[in-house]
Structure formats: structure tokens, C-alpha cells
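# Got a predicted structure here, sequence first:
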Amino acid sequence: DIQMTQSPSSVSASIGDRVTITCRASQGLDSWLAWYQQKPGKAPKLLISTASSLQSGVPSRFSGSGSGTDFSLTITSLQPEDFATYFCQQAHTFPITFGQGTRLEI
Amino acid sequence: QVRLVESGGGVVQPGKSLRLSCAASGFDFNSNGMHWVRQAPGKGLEWVSIVSSDGRNKHYADSVKGRFIISRDNSKNTVYLQMNSLRPEDTAVYFCAKDEGYSGILDNWGQGTLVTVSA
């Protein structure tokens, strides 16, 4: 199975800050990587597919980059609603696997 | 808009069975793969299974292979997860999710149903 390792596990930031979360895969994914946002008690929400494709309705302060084994999610100018947990997920090979999550705290 | 509504969760004893359902609406159900993903209390996301749009192709996580069965009824716009030989470690919120096609990208999620396996 492909192992997904996110870092950091948690990060503290302030409104208006820029934050970058990284995700490393144990083998190459091409661009088959997605990022999800999850708020407490809610379902995950797809933010970015195929490494850098922003989903419709997702603010442009979110961006994704990378290919192969190293990927990142960047949020510029943090807003109050961005404080949540973020997961990466590889869609290259079954079984699908997720990173362990990054909790973004104020 | 896409709507996915899970049902069937509850408290069940170890070794017993439970069937989850996910009713879908707002898109052409016949065109998309469907997934189940679970999340144990306070933990991360664990992918469980996928079924292709025509129901012929299925994949499972190793942790549930041989115990869980995914299926779908396209006439009812519903996907199912039959869970057998349940273990305490299967306790989780189970989410149903729609695939973009059959890409492994989960573009819409239900709100989840809680399954608790306990004596």
C-alpha cells in the first residue's frame, strides 16, 4: 500500500498568515493527489484534485502543487473559516490511502 | 445539488452484522463510482471500499476484505455496505462519497452514520 505522510501534524497560525502543509507519498503518484478540509463534526470537503486543480467554489487563497512523491497545500491570507483539519489522499492505486491529517489552529 | 444520505448505523455486538445504505440524488448515479470511508472517534480518515458505476468492479481495504461487501442498486440510486463479523475496531463514522467518475477523487460526501461495535 502507498503510505502518505503529512507534515506538520498540527500548526498554529493567525488570521492573515500564509500556511503550507506538505504531503509525501511512499511511491510516485504522478498528479493523483487530492486535498480535503474537515471541520469538527462535519464531512470532509474536496478542495483540490489532481494535485493543483481547485474545486469550484473553493476560494483562490487555496492552492496545491507538486507531482510524483512530494506535494503541498498552501493557504494564503488565512481566514477564520480556514481553521480545520486538512488531509491529503492518493488516488493513484487501490487501496486509496490518506495522510494522517494536519490540524490548523488559531 | 448532490445529496448523499447514509443510514443504518447503530450499536452492534462483536461478531454481528450490519448493513449501511446511502441514498443518492442530484446527479446521474449510473455514471459514478461510489465509496465508503470511515473515521474512528478522534482519528483520521480510512478508505473502506469502492464500487464502479455498473457494480462490476470493487476494491476493499485490507482491514475489511473478506468481511465487508459493497454493492449498489442503480434503480434505487443507493449504495450499500454489508458489514459482517464486526469488531470493536470497526467502530467509526462511516461516510458515503461520490467519485468524480472512477478516478479515486471523492468530490461529494454524505454526513456519515455512526457504527459502534460493543458488547
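Everything's here; your move. This one's a predicted model, so the numbers in the text were calculated from it and none came from an experiment.

# Flag every residue of chain B that's near chain A.
B:35, B:37, B:44-47, B:50, B:59-62, B:95, B:100, B:103-112 (CB under 8 Å from any CB of the partner chain). Any C-beta I mention is one placed from the backbone N, CA and C, and that applies to glycine too.

# check contacts around A:Gln38.
A:44-45, A:84-87, A:101, B:45 (CB atoms under 8 Å, 6 or more residues apart in numbering or on different chains).

# what lines up beside the helix or strand that B:Ser21 is a member of in the sheet?
Of the helices and strands defined by DSSP states H and E, B:Ser21 is found in strand B:18-25. Taking DSSP bridges as the criterion, strand B:18-25 sits next to strand B:3-7 (antiparallel), strand B:78-83 (antiparallel) in its sheet.

# Tell me the residue of chain A that sits nearest chain B?
Residue nearest to chain B within chain A: A:Ala91 (3.0 Å; CB to the nearest CB).

# if you skip the residues just before and after it, what's nearest to that residue?
B:Gly104 (3.0 Å; CB to CB, 6 or more residues apart in numbering or on different chains).

# Assess the claim that the one you found and A:Pro95 are in contact.
No - using CB atoms under 8 Å, B:Gly104 is not in contact with A:Pro95, being 9.9 Å away.

# If you count surrounding residues, which of those two has more?
Using other CB atoms under 10 Å in any protein chain shown as the criterion, B:Gly104 and A:Pro95 rank with B:Gly104 on top: 24 against 20.

# Now do the contacts for the more buried one.
A:32, A:89-92, A:94, A:96, B:50.

# filter those residues to the buried ones?
Buried subset of the contacts of B:Gly104 (neighbour count, 16 or more other CB atoms under 10 Å in any protein chain shown): A:32, A:89-92, A:94, A:96, B:50.

# tell me the SS of A:His92?
coil (DSSP: H, G, I helix; E, B strand; the rest coil).

# Backbone torsions only: list them for it.
With angles defined as degrees, to the nearest 10, A:His92 sits at phi -80, psi -40.

# for B:Asp90, same thing?
phi -80, psi -10.

# Please tell me how far it sits from B:Val64.
As defined by CB to CB, to the nearest Å, B:Asp90 lies at a distance of 8 Å from B:Val64.

# mind checking how far the residue in chain B that chain A sits nearest to is from A:Ser53?
Proximity to chain A, evaluated over chain B using CB to the nearest CB, is greatest for B:Gly104 at 3.0 Å. B:Gly104 sits 14 Å away from A:Ser53, going by CB to CB.

# what does the strand holding B:Ser21 rub up against?
B:2-10, B:12, B:34, B:36, B:76-83, B:86, B:94, B:96, B:98, B:110, B:113, B:115.

# Torsion angles phi and psi at the residue nearest to A:Ala91?
phi 90, psi 0.

# hmm, back to that, want to throw the contacts of B:Gly104 into CSV with pLDDT?
Output for those, formatted as CSV (pLDDT from 0 to 100):
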residue, pLDDT
A:Trp32, 98
A:Gln89, 98
A:Gln90, 98
A:Ala91, 97
A:His92, 97
A:Phe94, 96
A:Ile96, 97
B:Ile50, 98
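
# I figured B:Pro88 hits B:Ser118, correct?
Yes - between B:Pro88 and B:Ser118 there is a contact under CB under 8 Å: 6.5 Å.

# Nothing else from me, thank you.
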